[in-house]
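Chemist: Here's a sequence, model it:
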Amino acid sequence: MRSFKAGKYLSQGSYKCFQPELLNRPWMVDNMPVLALLSKADRFLGRLDMYSEYVDIDMFIQVHVAKEATQSSKIEGTQTKMEEVFLSEAEVSTENRDDWKEVQNYIAAMNEAVNLLHGLPFSTRLIKQTHKTLLHGVRGQHKQPGEFRKSQNWIGGTTLSNAVFVPPVHTEVAELMSDLEYFANAQDDNIPDLIKIALIHYQFETIHPFLDGNGRTGRLLITLYLVSKGILKRPILYLSDFFERNRMLYYDNLMQVRAQDDIAQWLKFFLTGITETAQKGVATLEKIMQLKQSIEVKADKLGKRGADVRVLLNYLYKKPVISVGEAISLLKKAPQTAYNLISHLEEAGVLKEMTGAQRNKLYSFEPYIRLFDTP
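Modeler: Below you'll find the predicted structure:
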């Protein structure tokens, strides 16, 4: 790593672009602080994956994905609350619908990509399809969704001449991405997978292969890679929250690699993010199980109504927003029965009315949603 060279700046007349070195080259990780952080990250990531086997993770996975979608989109300036993710488009205010749609696209892209991994490797084909889904019908939809760029882009500033960073020229993108794909799937290089995905994420953001949506795509690829390698059985670890809370450090560390060849600092930052996020994931799952148990204990004391509470809760763990109409359909009971049960859960602090309206009220599973907001 001491001999690492990130690349070089090439003059394009009125501006300079950065041409990264290929990833497929000999790697020697000889930095002890990096290796120590790698060991710690591996340990906590394994703990998170193991913990997820002991709970009904499918019951909670969509809320984890929703949390990631809101945080990843927040980095891009989108402001959607967790509760709003689970609303239908008609239930979202007109001024918030564009942001809501971007978050929905992120969720769709993640779910689609995880399913595609059953038949596709981690590849440029997978990346392009994921990008296409991310940009469908939202900002950037006219910027070649699912296709590598055919013109120069830049990061920061208003023009190429005053940009903070200019990625490589578009004619280099296909070769660089092919190299990234080969590196991701090489099995004889003995590079630890967490080091690999840290390098892949850095390289992807440096190539910036699309005209728009590179940040969201690059963050999503971290989870996809971990699932593709079997490190995670389910997509339950997401770094967007860590990147959002350390946004300036994230950008600074990426730039420090390009400007000073300091790949060690980037790896330390990334591995710290893996560790903190895995620790937080385990803590969140533990709190979910504690909440679930405490509510079930109360439900057991409600007699026949307790069975109805369990039916509602099993629905709310997957979609933590509900209307009275949905409750009626779920319970297959008279409307008044559903109204009474929701009122009881509201009084108990399990549900919270979120519209402030007199009609068409919506109720959020407030204590559950808040578990995903804790720092």
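Chemist: so where's the chain shaky on pLDDT?
Modeler: For the chain, the stretches flagged by pLDDT under 70 are 1, 374-375.
Chemist: Please parse it into its domains.
Modeler: 7-283, 301-371 (automatic domain parsing).
Chemist: quick one: terminal-to-terminal distance for the last one?
Modeler: This means domain 301-371. Chord length of domain 301-371, first to last residue, is 25 Å (CA to CA, to the nearest Å).
Chemist: before we move on, back to that, export the domains of the chain to CSV and tack on mean neighbour count and distance to L291?
Modeler: Any C-beta I mention is one placed from the backbone N, CA and C, and that applies to glycine too. Shown next, in CSV, are these (neighbours: other CB atoms under 10 Å; distance: least, CB to CB, whole Å):
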stretch, mean neighbour count, distance to L291
domain 7-283, 18, 11
domain 301-371, 16, 6
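Chemist: Take the ones you listed and write them to JSON lines, including distance to Q293.
Modeler: Putting those into JSON lines (distance: least, CB to CB, whole Å) gives the following:
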{"stretch": "domain 7-283", "distance to Q293": "11"}
{"stretch": "domain 301-371", "distance to Q293": "11"}
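Chemist: Can you check which of those gets nearest to K292?
Modeler: domain 301-371 (7.5 Å; CB to CB).
Chemist: How far away from the center of its chain is that closest one?
Modeler: 28 Å (CA atoms, centre = their mean, to the nearest Å).
Chemist: How about stretch 267-279?
Modeler: How far stretch 267-279 lies from its chain's middle: 14 Å, per CA atoms, centre = their mean.
Chemist: so where do the helices sit in the stretch 1-150 of the chain?
Modeler: According to DSSP state H, counting those that start in this stretch, the stretch 1-150 of the chain carries its helices in the segments 32-53, 57-75, 82-85, 97-116, 124-134.
Chemist: Which one, of those helices, ends up nearest to T275?
Modeler: helix 32-53 (4.7 Å).
Chemist: Show me what the closest one is packed against.
Modeler: With contacts taken as 3 or more CB pairs under 8 Å, 6 or more residues apart in numbering; DSSP states H and E, helix 32-53 sits against helix 193-207, helix 263-300.
Chemist: Switch those helices over to a markdown table; also include distance to F60.
Modeler: Below are the helices and strands packed on helix 32-53 laid out as a markdown table (distance: least, CB to CB, whole Å):
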| stretch | distance to F60 |
| --- | --- |
| helix 193-207 | 24 |
| helix 263-300 | 6 |
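Chemist: Figure out which of these is closest to I342.
Modeler: Among the helices and strands packed on helix 32-53, if distance is taken as CB to CB, the winner is helix 263-300, at 14.2 Å.
Chemist: Give me the helices and strands touching the closest one, please.
Modeler: By 3+ CB pairs under 8 Å, 6+ apart, helix 263-300 packs against helix 32-53, helix 193-207, helix 240-245, helix 247-260, helix 304-316, helix 366-371.
Chemist: Let me have the helices of the stretch 1-150 of the chain in TSV, adding distance to F242 as columns.
Modeler: Below are these laid out as TSV (distance: least, CB to CB, whole Å):
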stretch	distance to F242
helix 32-53	12
helix 57-75	9
helix 82-85	17
helix 97-116	17
helix 124-134	20
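Chemist: of all those helices, which lies closest to E326?
Modeler: Closest among these, using CB to CB: helix 82-85, at 14.7 Å.
Chemist: Now do the closest one: everything it contacts.
Modeler: Contact with helix 82-85 is made by 63, 66-67, 69-70, 92, 96, 100, 103-104, 107, 320-321, 354, 364, 369, 372-373, as judged by CB atoms under 8 Å, 6 or more residues apart in numbering.
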